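Asker: The sequence and its predicted three-dimensional model are supplied below.
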Amino acid sequence: MIEAHGLTKRYGERAAVTDLSFTVRPGVVTGFLGPNGAGKSTTMRMILGLDAPTSGSVTVNGKAYAAHRAPLHEVGAMLEARAIHTGRTAYNHLLAMAATTGIPRSRVDEVVDVVGLRQVARKRVGGFSLGMGQRLGIASALLGDPATLVLDEPVNGLDPEGILWIRTLLKDLAAEGRTVLLSSHLMSEMALTAEHLIVIGRGRLIADTSVEEFVTGAAGTSVRVRTDDADQLRRLLAGPDVSVASAERSVLEVTGLSSDRIGRIAADAGIALAELTPQQASLEEAFMELTRDAVEYQAPVREKEGQAA
Ligand SMILES: Nc1ncnc2c1ncn2[C@@H]1O[C@H](COP(=O)(O)OP(=O)(O)OP(=O)(O)O)[C@@H](O)[C@H]1O
């Protein structure tokens, strides 16, 4: 469990994180989302005791990170900037980490297999692809068999097979009762991996919600209807709060009525429908809408509209 209370970090005049309070619970994968510069990495560094908050506090499994006697057993972390000795082999890198923290060699073998690096474990890390480096980062995070995992953009650089692998791995780790927090700036990726979402923008909390709620909230209000009797149906649907647009002769885009209601009205009139589809805004669009005012760097066209950051 990770608990942040009024977490604030300022770098000189600049506020990176402001009064952030949230709880990351065990048993589910929690996505930590925000546009570039939102404060995700800064927050993760504070969780891991690598940066001190200006004010507020954050605990992992009930204590500040530094107060844990064996932190590697409590929290496994992978931050974006990996500081790995590139001349070492992957195996020796893990072995060195294990040796300094009293973790047995057998655990190194276990994590090498869990992340699928067995074939290349004896190769130097300097020659690793980005995806192999990510797998090694995850192996390091898992080494102490920690109850809590904090991963900064773990999907970066992975191919589709690697992305599927990490999704499954993280869900399995959460299902074992661990706390899993991972950051991303891609909503669509999070929707497939996480069950819960903490969204920040400009260092402030924007949303703390289940993915399901977010997806439902993103559903648009329009319904696409296809029928050979479009003109007749349009007349039947007309009402003060209903608008019907039509880009093609047999297609209606209806706003203000549910698909259930439209289907019922059509059935009562004996009108056959070839299609009845509630339209959903893409998750990425919904996320962009949610964080619109919090984006650090905006496209020039938005600046002209006077909405620049
Ligand atoms: N050491 C530092 N000194 C000064 N400013 C910093 C420092 N670290 C971060 N910042 C600033 O704090 C803000 C938050 O940065 P942070 O890296 O935490 O965001 P992020 O959400 O992780 O972004 P990204 O997705 O781009 O990695 C940014 O405006 C950044 O420029």
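Answerer: Arrived safely, thanks for sending. Numbering: from 1, shown residues only.
Asker: List the contacts of stretch 3-10.
Answerer: 15-24, 39, 42-43, 46-47, 51, 53-59, 203 (C-beta atoms under 8 Å, 6 or more residues apart in numbering). The way it works is simple: take the backbone N, C-alpha and C, and place the C-beta from them, glycine included.
Asker: Can you name the residues of the stretch 51-200 of the chain that neighbour the ligand?
Answerer: His185 (C-beta under 6 Å from any ligand atom).
Asker: mind listing the strands in the stretch 51-200 of the chain by residue range?
Answerer: 55-60, 75-78, 148-152, 179-184, 196-201 (DSSP state E, counting those that start in this stretch).
Asker: for the stretch 201-309 of the chain, same thing?
Answerer: Going by DSSP E, counting those that start in this stretch, the stretch 201-309 of the chain shows strands at 204-210, 219-226, 243-248, 251-255, 275-280.
Asker: Just checking: what are the partner strands of the third one?
Answerer: When pairing is defined by DSSP bridges, strand 243-248 lines up against strand 251-255 (antiparallel).
Asker: Now the partner strand: buried residues?
Answerer: Under the neighbour-count criterion of 16 or more other C-beta atoms under 10 Å, strand 251-255 has Leu252, Val254 buried.
Asker: quick one: contacts of that strand?
Answerer: So strand 251-255 is contacted by 221-227, 230, 233-234, 237, 242-247, 262, 275, 279 (C-beta under 8 Å, 6+ apart).
Asker: buried subset of those residues?
Answerer: Buried among the contacts of strand 251-255 (16+ other C-beta under 10 Å): Ser222, Val223, Val225, Thr227, Ala230, Leu233, Arg234, Leu237, Val244, Ile262.
Asker: nearest residue to the fourth one other than its sequence neighbours?
Answerer: Closest residue to Thr227 apart from its sequence neighbours, by C-beta to C-beta, 6 or more residues apart in numbering: Leu273 at 5.1 Å.
Asker: how about low-confidence regions in the stretch 151-300 of the chain?
Answerer: The stretch 151-300 of the chain contains residues with pLDDT under 70 at 217-221, 280-282, 294-300.
Asker: and the residue of it nearest the ligand?
Answerer: His185 (5.2 Å; C-beta to the nearest ligand atom).
Asker: Could you pull up the contacting residues of that residue?
Answerer: So His185 contacts Leu33, Gly34, Pro35, Asn36, Ala38, Lys40, Glu153 (C-beta under 8 Å, 6+ apart).
Asker: My guess is the third one contacts Thr291. True?
Answerer: By that I understand Pro35. Yes - at 5.3 Å, Pro35 counts as touching Thr291 under the criterion of C-beta atoms under 8 Å.
Asker: where do the contact lists of the two overlap?
Answerer: Gly201.
Asker: Show me where the stretch 101-250 of the chain has its helices.
Answerer: Along the stretch 101-250 of the chain, the stretches classed as helices by DSSP state H, counting those that start in this stretch are 105-114, 130-142, 160-175, 187-193, 211-218, 230-237.
Asker: contact partners of the shortest one?
Answerer: If you take C-beta under 8 Å, 6+ apart as the criterion, helix 187-193 is touched by 29, 31, 33, 155, 163, 166-167, 170-171, 182, 184, 197, 211, 214-215, 282-284, 286-287.
Asker: now the fifth one
Answerer: By C-beta under 8 Å, 6+ apart, the residues outside helix 211-218 that reach it are 31, 190-191, 194-197, 207, 209, 280-283, 285-286.
Asker: Next, work out how far apart the spatially closest residue to Met78 that is not a sequence neighbour and Leu149 are.
Answerer: Distances taken as C-beta to C-beta, 6+ apart place Gly137 nearest to Met78, at 4.0 Å, with adjacent residues excluded. To Leu149, Gly137 is 11 Å away according to C-beta to C-beta, to the nearest Å.
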